[in-house]
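**Q** turn this into a structure:
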Amino acid sequence: MNNAIKAMAGGLAGACVLTLVHETVRRLVPDAPRMDVLGMRAISKLMKMAGEEPPQDKEELHTMSLVGDIFSNSVYYSLAGTGRDAWWRGAILGAAAGAGAVLLPGPLGLGEEPSNRTPKTQAMTIGYYLLGGMVAAAVGYALSGDEEAEEV
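**A** Next up, the predicted model:
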C-alpha cells in the first residue's frame, strides 16, 4: 500500500472518530459543540449563493452536513501522513482545526454559538479536533510500520 493511501486511511479514521464523538456527545452534554449545525448553515449558505434552494428536510440537510464533514476532514487529516512525523503533524493539524472551528464561524457568518457558546464548548471543540488529528496520526504511523523498520 503506498503512503498516499495510508495517509488517506489515517485521515478517514480521524474524520470518522471526530464525527462519532461530536454526534455522540451532542446528545448527552448540553454545552457540547454543534458542528453539525455549523455544517448545515454552511451548506445552506453555499447553496443559496449558487442559486439553489437548500433542502427543507432537516434530516437530509443533517446527513449532507455529516457526509461533507467526513469528506473534508478526511482530506484535511490525511495531511498528517505516515511515519514518525505523523504524530507532530497530526497534533498541529488537529489543534489548528479546533482553533479554527472556535474562531472562524462568527466571521464567516455562521454564528458563534455552536462552537463558542461557553469555555467548556470551546475546550471540547478544540479537544475533538485534536483527537481527530491524533487518530489520523496513529493510523498513519501504524500503517507505515514496515517502512519505518526498513529505515532504521
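**Q** dump the residue contacts of Ile70.
**A** By Cβ atoms under 8 Å, 6 or more residues apart in numbering, the contact list for Ile70 reads Leu12, Ala15, Cys16, Thr19. Any C-beta I mention is one placed from the backbone N, CA and C, and that applies to glycine too.
**Q** now with 6 Å, please.
**A** Contacts for Ile70 (Cβ atoms under 6 Å, 6 or more residues apart in numbering) come out as Ala15, Thr19.
**Q** can you give me the helices in the protein?
**A** Secondary structure of the chain, counting by DSSP state H: helices at 3-25, 35-49, 58-77, 86-103, 113-116, 119-143, 145-151.
**Q** please render those helices as CSV that adds mean pLDDT to the earlier fields.
**A** Putting the helices of the chain into CSV (pLDDT from 0 to 100) gives the following:
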stretch, mean pLDDT
helix 3-25, 96
helix 35-49, 95
helix 58-77, 96
helix 86-103, 96
helix 113-116, 92
helix 119-143, 96
helix 145-151, 50
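**Q** apart from its chain neighbours, what residue comes closest to the most centrally placed residue in the chain?
**A** Nearest residue to the geometric centre of the chain (Cα atoms, centre = their mean): Asn73, 4.3 Å. Distance criterion Cβ to Cβ, 6 or more residues apart in numbering; nearest residue to Asn73, sequence neighbours excluded, is Ala15 at 3.6 Å.
**Q** so how far is Arg117 from Ile5?
**A** As judged by Cβ to Cβ, to the nearest Å, Ile5 and Arg117 stand 38 Å apart.
**Q** who has more neighbours out of the two?
**A** More crowded of Ile5 and Arg117, by other Cβ atoms under 10 Å: Arg117, with 17 against 12.
**Q** and the more buried one, how far from Ala32?
**A** 9 Å.
**Q** next: Ser65.
**A** Distance, Ser65 to Ala32, by Cβ to Cβ: 16 Å.
**Q** run a quick neighbour tally on the residue nearest to Asn73.
**A** Neighbourhood size, Ala15 [other Cβ under 10 Å]: 23.
**Q** then the one 4 residues further on?
**A** One way to gauge burial is a neighbour count; for Thr19, by other Cβ under 10 Å, it gives 22.
**Q** before we move on, what about the one 3 residues further on?
**A** When neighbours are counted by other Cβ under 10 Å, His22 registers 23.
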